[in-house]
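In: pasting the structure only:
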């Protein structure tokens, strides 16, 4: 897989879920078997806004070929998805989410592994798009 492909997939996934979290957070939360009070809805919208930012960042970064820019973007994305993976896994194992919660766990793990691969194994530089 190319980094460009990972960034495009990340953008699509982030924007799809995050727009829903901003516009109709209770609906998105209910899909995963949860409910939220006013604070939970606020935090879901807040998380959704951050996710929209990640979606835009990954979409715009898909064609970036400058080595310094990629070195700045990849560690940030790796940290986001590693932390989210741990949080999501703990939530799923505690029974907080229904079976669809595993899709979040898997997606976060896959994106974390992809960004770790491009950062440490493939050492993406400006030449690859």
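Out: Structure's in. What do you need? Quick caveat: nothing in here was measured; it's all calculated off a predicted structure.
In: For the nearest residue to residue 74 once chain neighbours are set aside, grab the count of nearby residues.
Out: Counting by CB to CB, 6 or more residues apart in numbering, residue 74 lies nearest to residue 119, which is 4.5 Å off, once chain neighbours are set aside. Any C-beta I mention is one placed from the backbone N, CA and C, and that applies to glycine too. Using other CB atoms under 10 Å, residue 119 has 18 other residues around it.
In: just residue 54 next, same as before
Out: The tally of other residues near residue 54 (other CB under 10 Å) stands at 20.
In: pretty sure it is touching residue 14, no?
Out: Yes - here residue 54 reaches residue 14: they are 4.7 Å apart, a contact under CB atoms under 8 Å.
In: For residue 75, give its distance to residue 112.
Out: Per CB to CB, to the nearest Å, residue 75 is found 12 Å from residue 112.
In: higher neighbour count, those two?
Out: Higher neighbour count among residue 75 and residue 112: residue 112, with 20 against 13, using other CB under 10 Å.
In: Now that one. Nearest residue, chain neighbours left out?
Out: Residue 112's closest residue in space is residue 81 (CB to CB, 6+ apart), at 3.8 Å.
In: Which secondary structure elements does the host helix or strand of that neighbour sit against?
Out: Assessed by DSSP states H and E, residue 81 sits inside helix 67-93. Using 3 or more CB pairs under 8 Å, 6 or more residues apart in numbering; DSSP states H and E as the contact test, the elements touching helix 67-93 are helix 38-61, helix 101-116.
In: Same list, the ones you listed, but as JSON lines with mean pLDDT and distance to residue 8 please.
Out: Listed next are these as JSON lines, based on pLDDT from 0 to 100; distance: least, CB to CB, whole Å:
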{"stretch": "helix 38-61", "mean pLDDT": "96", "distance to residue 8": "7"}
{"stretch": "helix 101-116", "mean pLDDT": "96", "distance to residue 8": "12"}
